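Chemist: Test case, fold it:
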Amino acid sequence: MRDIPDPREPAAPQDEITLDTAALRVLAHPVRLALLNRLRSEGPATARQLARHFDLDSGAASYHLRRLAAGGLIEEDTERGTRRDRWWRALHRRSQHDPGERGGPDGRAYTQAVALAAADTLRRAAVQTVPSMPDAWFAVSAFSDVSVEVTPAELGALKDELFAVVERYRERGPSAGAARAVVQFQVFPADPAGDPAPDAIPDAGA
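Modeler: Next up is the predicted model:
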């Protein structure tokens, strides 16, 4: 027998949303992406709370939250809201975007926002997390850059393998003593044009 949800209670966030063109345009801004990620990871919050966390003007935070709501990514949590503060909650736990299906200017603008948000997360880790994390966590943390020589198809396969490993840990559920950790990776060509490395020039005497 399934429990009947209480209509007075806000619905739990759906697992995933596949971003359409409208959502890509809304999220093509690193501040909106950061606000959405915060609501997904930490739960409902007000514009004032989010502005304080991200060092934003509260009016700017409210504007970006309204844009996220218009894009169907968050909604007002009316059970928590007051006349003074409106609470907002995420509608999904994560976003799905396939550059192969939705590339073009909107997909690239969204990806730029993702890269900028990831850079800000790394900056915050360098300033706040690294100096203060417990030794047990520091011993197993990694901040590294690795380059490989691959074709586009091979890079796609590498990306899929990395995602599969992360997904395995996401699906298994937390172990005793577990805490949330950030797993951040990017895969992209080192040459902005994506040109292959030139072949070796044969010896003139050969």
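Chemist: next structured bit after the helix-or-strand element of the chain with minimal mean pLDDT?
Modeler: Every helix and strand of the chain was ranked by mean pLDDT, DSSP states H and E. The lowest is strand 14-18, at a mean of 81. Downstream of strand 14-18, the first helix or strand assigned by DSSP states H and E is helix 21-26.
Chemist: can I have that next one written out in CSV, keeping just the CAs?
Modeler: Presented in CSV, the C-alpha positions along helix 21-26 are these (Å, rounded to 0.1, in the frame of the first residue of the first chain):
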residue,chain,number,x,y,z
THR,A,21,16.3,25.6,-24.9
ALA,A,22,14.3,27.9,-22.5
ALA,A,23,16.0,26.4,-19.4
LEU,A,24,19.4,26.6,-21.1
ARG,A,25,18.9,30.3,-21.6
VAL,A,26,17.8,30.9,-18.0
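Chemist: What sits closest to residue 182 if chain neighbours are left out?
Modeler: Closest residue in space to residue 182, ignoring its immediate chain neighbours: residue 121 at 6.7 Å, by CB to CB, 6 or more residues apart in numbering. Placement of C-beta: from N, CA and C, glycine included.
Chemist: Could you report the neighbour count for the one you found?
Modeler: As a burial measure, residue 121 scores 15 neighbours (other CB atoms under 10 Å).
Chemist: Let me know whether it touches residue 183 as I believe.
Modeler: No. In this structure residue 121 lies outside contact range of residue 183 using CB atoms under 8 Å: 11.2 Å.
Chemist: Please report the distance of residue 189 from residue 147.
Modeler: 10 Å (CB to CB, to the nearest Å).
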